[in-house]
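# Based on what follows, work out the 3D shape:
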Amino acid sequence: MKSTTLRSAVGTVLSVAVAAVFLPASPAGATPRTAGVDQATTETFSRTADAVLTQRTAALLDNRSGRIAPLPRKQVRLSAGLVRAEDAGVSSLRARKKRLAALGEAYTAADTRVSVDGTRVAGARATVQVTESTTLTYKKIRGDEPATTGFKARHELDFTAVPGGKWELTGIRSKDDGPGAINAPTLRAATAAADANPMPDAPVAATSYPARSAPKKQGTSGYDYAAMAAYSEKYWRNYNPEYRKYNAAGGDCTNFLSQALKAGGWKAETGSAGDYRKWWYGATGQSDSWVGVNEWSWYALNSQRVTSLANVYQMDVGDVMQMDFDGDGSKDHSMMTTYRSRNGVPYLTYHSTNTYRKSVASIIASYPDAVYYAYRT
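As a prediction, the model looks like this:
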């Protein structure tokens, strides 16, 4: 895919007007092409990334002059969840600007270039890789500051087809390790739901063995846990053709988990794809909570379809474990318990990497520094 580069000089704070903007994806009601997108669409993806990223940078600037990249309002819309996350992220950056000012540092201008490095389309989802190159100008406060500071950062954007042949931007995340870019929002602020009904945080689960007994009351919830396990163990290797796969779009683990939960009796709650209080799957799209690790946790706890367990060894058949591999506060992986031994060891089955009945002990031994979350379904 040919690289598309946009440039924008940023010198003012963009109000959070990241609502409905549209991009033609395909004829109304149709599924987008599965083998890339045309140059015009690539350019619009780039302009969308440029608008979001320059909005972040603008929140750090000391002055109120200059130009900011506009959103392509007739071509893409941002999901409700992403609007909330970006609002919260911009607020965290404004707070960072105040902390910097107290330390004697400020920026007066910024210049940003966004290049599209690659685009993948799978069914109703598009994943776009971009590189951001930003230079910020130091304000002369002490007089001996260098002229500028700069960075290059890689980002991955998720777009989902929505009714009417449009695209919806549902997520943007960093693809770099180490300290974040100057304009990277504080993680918790950027991923929290900034509304009157914030998403609950799952408590961390202990990994010590043995654990205090927490027997599961089979049949009281109305869910069929055996059916959940049977589904997982049937399709852990041979995928169910009735569902889309997301291995190439961030991983298939939560999509697979959601399928198993549905097989065991979880009913859909329809609504906006970005509303974490909804959970559904359709012919041309699905809720973020169906495929997203953090989003699933927010939905599951908010809907009270799950409760948290104090220890991963308390899990029984049909229960869920999630992992945060690097302890950065963002969960990375979802899996289901499909067997529990007489000695109280849960065994998990999951996608990405496709795995059958792996013991919790083996997982913990492989990732002793990860953070674990356990859910009773």
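# could you pull out the strands for the stretch 1-150 of the chain?
5-10, 76-78, 107-122, 125-138, 148-162 (DSSP state E, counting those that start in this stretch).
# Could you give the number of residues near residue 81?
26 (other CB atoms under 10 Å). From N, CA and C alone the C-beta is placed, and that goes for glycine too.
# Show the model's pLDDT score for it.
For residue 81, the pLDDT comes out at 79.
# In this model residue 278 seems to touch it, though I could be wrong.
No. Judged on CB atoms under 8 Å, residue 81 makes no contact with residue 278 at a distance of 10.0 Å.
# anything in contact with each of those two?
residue 272 (CB atoms under 8 Å, 6 or more residues apart in numbering).
# Identify, out of the strands of the stretch 1-150 of the chain, the most deeply packed stretch.
Stretch with highest mean neighbour count among those: strand 76-78 (a mean of 25; mean count of other CB atoms under 10 Å).
# tell me what that one is packed against?
helix 39-58, strand 166-174 (3 or more CB pairs under 8 Å, 6 or more residues apart in numbering; DSSP states H and E).
# The stretch 201-350 of the chain: helices as residue ranges?
Taking DSSP state H, counting those that start in this stretch as the criterion, the stretch 201-350 of the chain carries its helices at 225-235, 253-263, 288-291, 293-302.
# Just put those in CSV and tack on distance to residue 206 and mean pLDDT.
Shown next, in CSV, are the helices of the stretch 201-350 of the chain (distance: least, CB to CB, whole Å; pLDDT from 0 to 100):
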stretch, distance to residue 206, mean pLDDT
helix 225-235, 23, 97
helix 253-263, 22, 97
helix 288-291, 26, 92
helix 293-302, 18, 93
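# Now render those as a markdown table, adding mean neighbour count and distance to residue 331.
As requested, the helices of the stretch 201-350 of the chain are exported to a markdown table (neighbours: other CB atoms under 10 Å; distance: least, CB to CB, whole Å):
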| stretch | mean neighbour count | distance to residue 331 |
| --- | --- | --- |
| helix 225-235 | 20 | 19 |
| helix 253-263 | 25 | 9 |
| helix 288-291 | 28 | 12 |
| helix 293-302 | 24 | 4 |
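# With respect to residue 168, which of those helices lies nearest?
helix 288-291 (9.9 Å; CB to CB).
# Can you dump the C-alpha atoms of the closest one in PDB for me?
C-alpha atoms of helix 288-291 as PDB (Å, rounded to 0.1, in the frame of the first residue of the first chain):
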ATOM      1  CA  ASP A 288     -16.700  -3.400  20.900                       C
ATOM      2  CA  SER A 289     -17.400  -5.500  24.000                       C
ATOM      3  CA  TRP A 290     -17.800  -8.700  21.900                       C
ATOM      4  CA  VAL A 291     -14.200  -8.500  20.600                       C
END
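# Hmm, residue 254 is touching residue 296, no?
Yes. Between residue 254 and residue 296 there is a contact under CB under 8 Å: 5.0 Å.
# joint contacts of those two?
290, 334.
# Minimum distance to residue 89: which of the helices and strands packed on strand 76-78 has it?
It is, among those and with distance given as CB to CB, helix 39-58, at 6.6 Å.
# Next, the angle strand 125-138 makes with that closest one.
Interaxial angle, helix 39-58 versus strand 125-138 (axes from the mean of the first three to the mean of the last three CA atoms, to 10 degrees): 40 degrees.
# so where's the stretch 1-150 of the chain uncertain?
1-36, 63-68 (pLDDT under 70).
# The same query, at a cut-off of 50, please.
For the stretch 1-150 of the chain, residues meeting the criterion pLDDT under 50 lie at 1-35, 65-67.
# Give me the distance between the residue lying farthest from the centre of the chain and residue 150.
Within the chain, the residue lying farthest from the chain centre (CA atoms, centre = their mean) is residue 143, at 41.4 Å. Separation of residue 143 from residue 150 (CB to CB, to the nearest Å): 21 Å.
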